[in-house]
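# Please work out how this folds:
(chains A, B and C)
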Amino acid sequence: MSKRVLMQGNEAVVEGAIAAGMRFYAGYPITPSTEIAEQSSVRLPQVGGTFIQMEDEISSMAAVIGASVAGVKAMTATSGPGFSLKQENIGYACIAEVPCVIVDVQRSGPSTGLPTSPSQGDVMQARWGTHGDHPMIAVSPSSVSECFYKAIRCFNLSEKYRTPVILLMDEIVGHLREGVEIPSVLDVEIINRTVKSSEGHQPYEGDIHEIPGWHLNGGGRYNITGLSHDLSGFPTNSNEITDKLIRRLMGKIEHNADDIIEYEEKYLDDAETVVLCYGGTVRAAMSAVLEARKQGVKVGMFRPVTVWPFPERRLKEISPKVKRIIVAEHNYGQIVLEVERIVKNDCKIDFIGKVDGTVITPAEILKRIKEGK
Amino acid sequence: MAKMELRLAGSGGQGVILATIILAEAALSGGKNAVQSQSYGPEARGGMCKAEVIVSDEDIWFTKVVNPTFLLALTQESLDKYGKGLDKNCVIMADASLEIPDCIKDNKVIKVPILKTAREVVGKGFTANIVAVAAINEALKLVPFETLRDVVMARIPKGTEAINLKALEEGEKLAKTL
Amino acid sequence: MPAELINKYMREAHLPHIWCPGCGHGILMRDVAQAIEDLGLDQNKICLVSGIGCSSRAAGYMDFNTIHTTHGRAIAFATGIKLARPDMNVIVIAGDGDIAAIGGNHLIHAARRNIDMTVVVFNNDIYGMTGGQFSPTTPTGDFATTAPYGNIDRPFDIAALAEAAGASYTARGTAYHAPLTIKLIKEGIEHKGFSLIECASVCPTYYGRKNKKGGSVELMTWQKENCVMSDKAQHMSKEELEGKLVIGRLSEKDYPEYTEQYKKIIEKARK
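Presented below is the predicted three-dimensional model:
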């Protein structure tokens, strides 16, 4: 039986990542993600892995991609300003299909903002931060235990779909300490990339459901580029090949949405009002929902665990059955835009957004739940 | 056990964050649920620092303290700030050197010479947080002394066991003599 | 012999290259291939990393494990590759803008760490791919599309910059001095630590034309007539070296190498 220990969210991310097979970390110190770098510097050499503190955020992302193409599972962690700096190379990982995990512990912005205060202002940046059309997976944990397990899931998704995956944290969860059971024998599957080894095999071969296999471990001397490329991995100016490439990149996530998307529902069966939130905000929402239920209010909670891709189909099933959805997030209104796009006129949409660097409280959510009743 | 919401406040570098980590770990060792969080400014030393622990037998959802059932203040600034708006049932432990502001006149206020004890009895000012942890544990009857001692010994740097044990014993003594 | 070299080390399907007639980059790319051939290295154990720019297209033409990365970041990608696979020979090919402007930070920090990799700079003193803007190595007073009144920036000496930042091997070759440049690249690859070989290329299309310095023949003739070997330069005065380019091995030091140092960290952490 595994022992329950007090652990910080940021520390649990490192333990989860190592359990998933992370053996390389490159990063640059930034509040409130720094503990992830510190813990990685302690833990990685213990398991024969490598930690490097790079000269900046850009090189951290570059080194992570470099380590991954060389066959080693790699991760970096950052926060708002650093996340902005990493974006160009995240796009590179998207088009070159390099598995890697990027942790963003969100803090108040824009710019330097309130460095030690919580926020969820990077949700849209997580989706569209790098230029051009690209696929994106972002997973948002709401407890320390989830920091461990979702870090593993991020690596699994990344390896399976050959794409960068963002562990979209917030300061609430990143700096939170609570009891967590780290299993002595891992109770989840670990996915490793498949590497096709035959010489002459086209590294980017396969339809949109398949993931190209490649690189240094495989024996074939492949080329990798951020330019639009053909199945062999070499640059092309062909509009037709480029069209196929972009559609395949988007398609590998879209066509596998059922495998990728994860959400959590509470008390939806008879709910008239639904609180929709993600990440650290879930903690306040659940407190409010439980209190409202005690008072006889028919309220439930819907929580995208994968913020991207957004659980669109499930939300579209829920929205016609309820009277109101309250979106609560620590920003000026980002996921609420996605909810409005999906829900349209199925039900009323309310919004609680906080941008002052303080945490949304259960009382604020409870008040809104009862106001609209 | 009723849910306890503890807020510890002081100046950066006094170790209030570590104090809350120790209290949360002790509660966890005692079979309870606990969450710990903190807020702080940009300063590594000085500046106001606030850290919180919630202890409960049930699941803890919201991670921040809403209505403190207990406040520890080690500086006048933190006592003046966090003393405001407290529920009348909140117990306040203030360092003996502080002046009690009007806003908490109706609360139970325990004045304890934490800083002085650390400095003069234990002999090292930096042990104030450990003195405080033991005093809080005793005052709130959180966990047995031995449980707290084991948690502290696992958290502190090697070579400081003796002085920290002394700090724990003195802290408990302070609370027992109240 | 050149045909054999091309068959073995170039990806013929991806030739001809995109470089202009008279560009020095083709010669320098061949120098890299010849150095590898001379050393008898396993093609599968070489990882060639490039950034963005004219020079960076070399990665696609050469038959190794190749990665064409983002602008300025080749050394940072290479750092990840080397740490993940210390057994690989990691070679970076980069241009002057790529490595001394947008990627300058990575250059100095990789040099400071003395991580084992060989950086071959194809320095043509201009941004060629974007059409002739001045680079951090364009001499003061020269012209470029973004220096229409003459360049007021002072140029970097990339080799000296790398040496000052901690690189343990630095050298300079040119497109004209092929045998020397091959020798220097070989020394750089064999050297354990961060080595940098700055290679003066020629850009007749933009640099030559903008500065009325003629075509490839004139630019190469300049290299032939104005280069001084480093051992000879040591005995020359500042005045005598005015307007000259010092070539050959410039520095060699014995600093601890980064991946070797990290191996010790792993041993320490596992105790």
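
# Which single residue of the stretch 51-200 of chain C ends up nearest chain A?
residue C:80 (2.7 Å; C-beta to the nearest C-beta). The way it works is simple: take the backbone N, C-alpha and C, and place the C-beta from them, glycine included.

# you'd agree that residue is up against residue A:60?
No: counting by C-beta atoms under 8 Å, residue C:80 stays clear of residue A:60, with 9.2 Å between them.

# any common contacting residues for these two?
residue A:26 (C-beta atoms under 8 Å, 6 or more residues apart in numbering or on different chains).

# So for those two, which residue has more residues nearby?
residue C:80 (31 against 28; other C-beta atoms under 10 Å in any protein chain shown).

# In contact with the residue lying closest to residue C:229 once chain neighbours are set aside, which residues?
Excluding the flanking residues, the one nearest residue C:229 by C-beta to C-beta, 6 or more residues apart in numbering or on different chains is residue C:248, at 4.7 Å. Contact analysis of residue C:248 by C-beta under 8 Å, 6+ apart lists C:171, C:172, C:180, C:184, C:229, C:230, C:231.

# Could you look up the SS state of residue C:248?
Following DSSP: H, G, I helix; E, B strand; the rest coil, we place residue C:248 in the strand state.

# same thing with residue C:87?
Residue C:87 ends up coil, using three-state DSSP.

# Same question for residue B:169.
helix.

# Just to check, it is in contact with residue B:137?
No: under the criterion of C-beta under 8 Å, residue B:169 makes no contact with residue B:137, lying 12.0 Å away.

# Those two - which one has more neighbours?
residue B:137 (25 against 16).

# Can you tell me, leaving aside adjacent residues, what's nearest to the more buried one?
Distance criterion C-beta to C-beta, 6+ apart; nearest residue to residue B:137, sequence neighbours excluded, is residue B:148 at 5.1 Å.

# Residue C:218 now?
residue C:208 is the one closest to residue C:218 (C-beta to C-beta, 6+ apart), at 7.1 Å.

# what about the lowest-mean-pLDDT helix or strand in chain B, near chain A?
Across the helices and strands of chain B, the lowest-confidence element by mean pLDDT, DSSP states H and E is strand B:33-40, at a mean of 90. Yes: Strand B:33-40 comes into contact with chain A (C-beta under 8 Å from any C-beta of the partner chain), by way of B:33, B:34, B:35, B:36, B:37, B:38, B:39, B:40.

# Quick check: what element follows the one helix or strand residue B:138 maps to along the chain?
Assigned by DSSP states H and E, residue B:138 belongs to helix B:128-140. Proceeding N to C from helix B:128-140, the next assigned helix or strand is helix B:145-155, under DSSP H and E.

# Report the separation between the residue of chain B positioned farthest from its centre and residue A:117.
Here the centre of chain B is the reference, and by C-alpha atoms, centre = their mean the most remote residue is residue B:159, at 23.4 Å. Per C-beta to C-beta, to the nearest Å, residue B:159 is found 37 Å from residue A:117.

# cool, residue B:35 as well?
Taking C-beta to C-beta, one finds residue B:35 at 18 Å from residue A:117.

# Neighbour count: these two, which is higher?
Between residue B:35 and residue A:117, counted using other C-beta under 10 Å, residue B:35 has the larger neighbour count: 27 against 18.

# so how many other residues sit close to the closest residue to the more buried one other than its chain neighbours?
Leaving out its chain neighbours, the residue that sits closest to residue B:35 by C-beta to C-beta, 6+ apart is residue A:178, at 4.4 Å. Counted by other C-beta under 10 Å, the residues lying close to residue A:178 total 25.

# just the one 5 residues further on next, same as before
Using other C-beta under 10 Å as the criterion, residue A:183 is surrounded by 12 other residues.

# secondary structure class for it?
For residue A:183, the secondary-structure state derived from three-state DSSP is coil.

# phi, psi of it?
phi -70, psi 140 (degrees, to the nearest 10).

# So which residues on the stretch 201-350 of chain A come close to chain B?
A:280, A:283, A:284, A:286, A:287, A:290.

# same thing but 6 Å
Contact residues (C-beta under 6 Å from any C-beta of the partner chain) of the stretch 201-350 of chain A with chain B: A:283, A:284, A:286, A:287.

# if I look at the first one, how far off is chain C?
Read it as residue A:283. Residue A:283 is 35 Å from chain C, where distance means C-beta to the nearest C-beta, to the nearest Å.

# Now for that residue, which secondary structure element holds it?
helix A:281-294.

# Quick one: mean pLDDT over that helix.
Mean pLDDT, computed over helix A:281-294, is 98.

# Run the angle between that helix and strand B:33-40 for me.
Helix A:281-294 and strand B:33-40 are oriented at 130 degrees to each other (axes from the mean of the first three to the mean of the last three C-alpha atoms, to 10 degrees).

# what's helix A:281-294 in contact with?
Under the contact criterion C-beta atoms under 6 Å, 6 or more residues apart in numbering or on different chains, helix A:281-294 has outside partners A:142, A:275, A:277, A:299, A:301, A:303, A:328, A:360-362, A:365-366, A:369, B:61-63.
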